[in-house]
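Engineer: got a structure for you, letters missing:
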């Protein structure tokens, strides 16, 4: 049983006439719960356990969602990197063609510069993101 009590008492007449009278006592007390109260405490404990299990289940769902979001974020980021790499390869070919055409006097230097600027812009996007 919870919370037993031990009571000690010592009384004397030292403050008054000091005739040597004194008393000493020791007591032990224990509270006994009522039968209905124990049943209610058990019901409350069961409800608390069910609430704790529901909170655990909710935390598991949130964690699973966070893991899934992180995974799909990594997949999307990987696909973006792949697409930028392909775009860089394509733009590099375009710059090479523009330089050859400039050498043959088919396009101006401005067209070659524009192709090179586009290529560098895509490289910077890949590098920073």
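Structural biologist: Looks like it came in fine. It should be emphasised that the depicted structure is a prediction, and the values quoted were computed from it without experimental measurement. Residues are numbered from 1 along each chain as shown.

Engineer: Am I right that residue 27 is in a strand?
Structural biologist: Yes: counting by DSSP: H, G, I helix; E, B strand; the rest coil, residue 27 is found in a strand.

Engineer: how close does it get to residue 4?
Structural biologist: Noted for residue 27: a distance of 11 Å to residue 4, by CB to CB, to the nearest Å. C-beta coordinates here come from the backbone N, C-alpha and C atoms, glycine included.

Engineer: Just the helices from the protein, written as ranges.
Structural biologist: Taking DSSP state H, the helices of the chain run over residues 35-103, 109-128.

Engineer: which stretch among those comes nearest residue 9?
Structural biologist: Nearest to residue 9 among the helices of the chain is helix 35-103 (30.1 Å), distances taken as CB to CB.

Engineer: For the closest one, name the packing helices and strands.
Structural biologist: helix 109-128 (3 or more CB pairs under 8 Å, 6 or more residues apart in numbering; DSSP states H and E).

Engineer: Counting by contacts, list what the helix it packs on packs against.
Structural biologist: Using 3+ CB pairs under 8 Å, 6+ apart, helix 109-128 is in contact with helix 35-103.

Engineer: thinking again about what came up before, which one of the helices of the chain has the lowest average pLDDT?
Structural biologist: Comparing mean pLDDT over the helices of the chain, the weakest stretch is helix 109-128, at a mean of 86.

Engineer: how about it: buried residues?
Structural biologist: 112, 115, 116, 119, 122 (16 or more other CB atoms under 10 Å).

Engineer: Wait, the first one touches residue 97, no?
Structural biologist: What it means is residue 112. No: at 9.8 Å, residue 112 does not count as touching residue 97 under the criterion of CB atoms under 8 Å.

Engineer: Cheers, nothing more for now.
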